[in-house]
Each structure stands twice: as C-alpha cells, then as structure tokens.
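Coordinates only, no sequence provided:
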C-alpha cells in the first residue's frame, strides 16, 4: 500500500494523460510510495469513473506522433477514482486524510473566477453560491478540505495548480485567501501560512477529447476492452517550482519532470507561444470553415496569424535569453499540424473571455510600453470578436463553451451602435488599455482586417 496519496481534483482527460502518466512512470520503476485518488467537483464525468471502477481502476493511454507513430500503455497510478456525490463528502474525506500530502487540480482557466486585476468575480453564479456555503468551485471545496485538515495532528499539504494560468500557484493562493476572507474564515488563512505551499507549475501536452473510434482501436491493438481510454500527443512536459511542503513529494525528477527555482520563464513561453496561438488558430480556423486544429493550422492564413504574433510581439516582449522562442514557435506549430490527434476547434476555442485577459493582455500592454503598436497581438482578440459575432448570429458550427460567458452582455454588445468600441473598452478583457482611443482604433482596424481575411 502506498505511503502517500496524491489527490487530484478535476479528473479529466488531461490529468489522466499528463500527471497520472508521470506517477505511472514511477510505478514502473518500482516506486509505489505514491498513489492517486481523483474526483470531480461537478457531476459531468461519471461515465469515466464508473468505467474505471469496472476495470480495476486501470485505463489505456494512446499517444500519437505527427508521423502517426502510436504507442499504447496501461496506466495504473490512479488507485482511487472518487465517484461523485451530492455534497462531495467522499472527495472532501480523501482531502482530509493525513497521508494526502499533495492536492492538485485542473479546473480550466475559467475555474478561478478572476478578473483582470486578479480579484474574484463575485457576481458569477457559481462563485456567488460558494460564498454562501456552496461547493461549486475549487475555492468552496478547498475551504471545506482545509477546515478538516486543520483538525489533523499534521495537516501540512502542498496545493498544486496544474492549469494554464500565469503564475498559477500564486493566483490560486490569492484567490483562495480572498475567498476565505470574504467568508470570514481568517483562521484558515492564518493556518495556510505555516501549513501549506502553492508552487507555480507549467504543464504541456495536447490532449483532445477521446475520439469515438479510440476504444475500438485500442481493442484491435492491445486486446483490451477499455471503457475509459484517453489519448494524447507524444510530446509531454511538466515544470514545477520545487516548493513542496516539508519537501514531501514524489521523486518526479526521476521521470523527466523539471523541478526548478522559478517556473516563470517556462510558463511565459508556453502561455504566449503555445496557448495563445492555439486559441487564435481555433477561432480563425472555424471562421474559415474548418473544425479541427490540424486542418486550421495548415491554412496559410491561420498559420501566418500565429507565426507573426510570436515573431513580432512575443519575442520582442520576452527576449530569447533562456529559451529560443523562434525554435519553440516552430516546434509548437508543427505539433498543431498533427492530423492524428484530431483535436477540435471547439475544445481549443473555449473560454475566450478568460484567455484574452490572462494570456493576451500582458503582451498588448508590454508592447505599448516598449513604444510599439501591438498590431499582430491585437489581431487575436479581433479574431475572437468576429468569432463571437458569428456566435451571436447563431452561425458557429458547434456550441461555444465558456465558463464565464455573460450571454446577455455579449448580445447587448453586438446590438449596440458601436460593438467594437464596447469590446475594446471592456476592462475585464483589456485592463489599463480598455477605452484608450489608440487601442480602440487599433481594434477597429484589426476587426476590419479579420473580416476581410475571411471574406
């Protein structure tokens, strides 16, 4: 039996193809010190959990390279899938066990409910419910878990954010402290200072929703009848600030995880060179009639949109001191062209109202401060504007998914006399740039450019 438990909240495909893979690598080396327990805040993945429970908690991971080189591996590191229950007591109970020493989570960018000033969006219905005692967000659930851990003889724990959020550990910590303060739980805030750490991390692997033919392919290749398979690209990376509480952690350095003093250079490169182009290609590719990322990236117009943004604005903002960003750009765009992943534009296009302030706004601001006009970066939110215009008209080929979408406000924007000005004046999206005449005019020019590009 394992000595320590790694609890993961947000038991989706990404966790199963990323963090669970790394801990499985340790198992293969004979290190069974750690095992994973995993569950969800929302009741939206029970088919996966029930599938795992029916097959000894094991599942097959298929990885595929751009050259269609496929590999199949049985992942055995998830020992306790936690079935969802109203009130989340099973999940909270595992979080409150003394041998649970890491609580990690992937709840998407929108799952932190932060505005452009990194303050909680208290008007959001889910967060509002949790401020009144609910269990709809990572903050409400974590508050319940930590309250129980305070009762332990040794409740020390590492809280590990594994989402694509800049300075993700710090952002989660500050959001949690604000939540606890708003709910009059200062005792937990005080306890956190001495009993928990929240390291920053950077995670990377493209993991699409499992294709419909995946179970049949796995059956054919391995003979395994898997009810909960997962797939991902061959490439994988994980960088973590080595700041685990009491230095209690898996020996992740033995399986390729980079444990560093500061994640920031890796994080900035990944967010700006991978995450931002990924979303932009999904938006523009959809406007040009494509449904998949690889087909969209292979469009000259979409490829150029991403390439020019990195080349002209990101490299100028970040420099090439630690990471060769030009080389990284080319590797990333090649990864996007992998036709065998079949990653959908729908998945990657999601959560634009979170991605713009968290991932694009910093480059816009930095380039202005450098005395440059960030034309190529402004082109990306302009693409989103036209993309959402199609949504407003009911002309997208799929359902747009966004955790913080204010449908009424967006429809009101497009119904206004000057929708572009309303969009460019939104402080939640553009922070200090919102409403500035030169920025409004830049957005107006770029929206016109995108409309002509797709005509």
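Cool, got the structure. Computed from a prediction, not measured in an experiment: that's the story for all the values here. Residues are numbered from 1 along each chain as shown.

need the contact list for the residue lying closest to residue 392 once chain neighbours are set aside.
Spatial nearest neighbour of residue 392, chain neighbours left out: residue 414 (4.5 Å); criterion: C-beta to C-beta, 6 or more residues apart in numbering. Using the backbone N, CA and C atoms, a C-beta is placed for each residue, glycine as well. Residues near residue 414 by C-beta atoms under 8 Å, 6 or more residues apart in numbering: 388-389, 392.

Put together a markdown table for these, with pLDDT on each row.
Output for the contacts of residue 414, formatted as a markdown table (pLDDT from 0 to 100):
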| residue | pLDDT |
| --- | --- |
| 388 | 98 |
| 389 | 98 |
| 392 | 98 |
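
what helices or strands is the helix or strand of the chain with the lowest mean pLDDT leaning on?
Lowest by mean pLDDT, DSSP states H and E among the helices and strands of the chain is helix 264-270, with a mean of 90. If you count contacts as 3 or more C-beta pairs under 8 Å, 6 or more residues apart in numbering; DSSP states H and E, helix 264-270 packs onto strand 201-204.

Tell me the confidence at the nearest residue to residue 206 once chain neighbours are set aside?
Of all residues not flanking residue 206 in the chain, residue 233 sits nearest, at 4.5 Å (C-beta to C-beta, 6+ apart). Reading off the confidence values, residue 233 has pLDDT 94.

Let me know the closest of the contacts of residue 414 to residue 96.
Of all the contacts of residue 414, residue 388 has the smallest distance to residue 96: 41.9 Å, by C-beta to C-beta.

Quick check: the residue nearest to residue 206 vs residue 293, distance?
The spacing between residue 233 and residue 293, counted by C-beta to C-beta, to the nearest Å, is 11 Å.

For my notes, please list the contacts of residue 414 in CSV and give distance to residue 179, secondary structure and neighbour count for each entry.
Shown next, in CSV, are those (distance: C-beta to C-beta, whole Å; DSSP: H, G, I helix; E, B strand; the rest coil; neighbours: other C-beta atoms under 10 Å):
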residue, distance to residue 179, secondary structure, neighbour count
388, 29, helix, 23
389, 35, helix, 21
392, 33, helix, 16
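
Confirm residue 259 sits in a strand?
Yes: counting by DSSP: H, G, I helix; E, B strand; the rest coil, residue 259 is located in a strand.

thought it was touching residue 240?
Yes: if you go by C-beta atoms under 8 Å, residue 259 and residue 240 touch, sitting 5.6 Å apart.

where do the contact lists of those two overlap?
Common neighbours of residue 259 and residue 240 (criterion: C-beta under 8 Å, 6+ apart): residue 252.

Looking at these two now, which is surrounded by more residues?
residue 240 (24 against 17; other C-beta atoms under 10 Å).

mind listing what the more buried one touches?
Residue 240 sits next to 160, 199-202, 252, 257-260, 263 when contact means C-beta under 8 Å, 6+ apart.

give me that answer again for 6 Å
Residues in contact with residue 240 (C-beta atoms under 6 Å, 6 or more residues apart in numbering) are 199, 201, 259.

Find out how far stretch 439-455 is from the centre of the chain, if you would.
28 Å (C-alpha atoms, centre = their mean, to the nearest Å).

List the buried residues of that stretch.
By neighbour count with 16 or more other C-beta atoms under 10 Å, stretch 439-455 contains the buried residues 439-440, 442-444, 446-447, 449-450, 453-454.

Output those residues as CSV; include the columns distance to residue 139, secondary structure and pLDDT.
Output for the buried residues of stretch 439-455, formatted as CSV (distance: C-beta to C-beta, whole Å; DSSP: H, G, I helix; E, B strand; the rest coil; pLDDT from 0 to 100):
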residue, distance to residue 139, secondary structure, pLDDT
439, 32, helix, 98
440, 35, helix, 98
442, 36, helix, 98
443, 33, helix, 98
444, 38, helix, 98
446, 36, helix, 98
447, 36, helix, 98
449, 40, helix, 98
450, 36, helix, 98
453, 40, helix, 98
454, 40, helix, 98
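
follow-up on the earlier one: going by distance to residue 372, which of the contacts of residue 240 wins?
Nearest to residue 372 among those, with distances taken as C-beta to C-beta, is residue 201, at 31.0 Å.

rewinding a little: okay, the contacts of residue 414 in TSV with distance to residue 135 next?
Listed next are the contacts of residue 414 as TSV, based on distance: C-beta to C-beta, whole Å:
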residue	distance to residue 135
388	31
389	36
392	33
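
Which one of those is nearest to residue 134?
Minimum distance to residue 134 across these is 29.1 Å, recorded for residue 388 (C-beta to C-beta).
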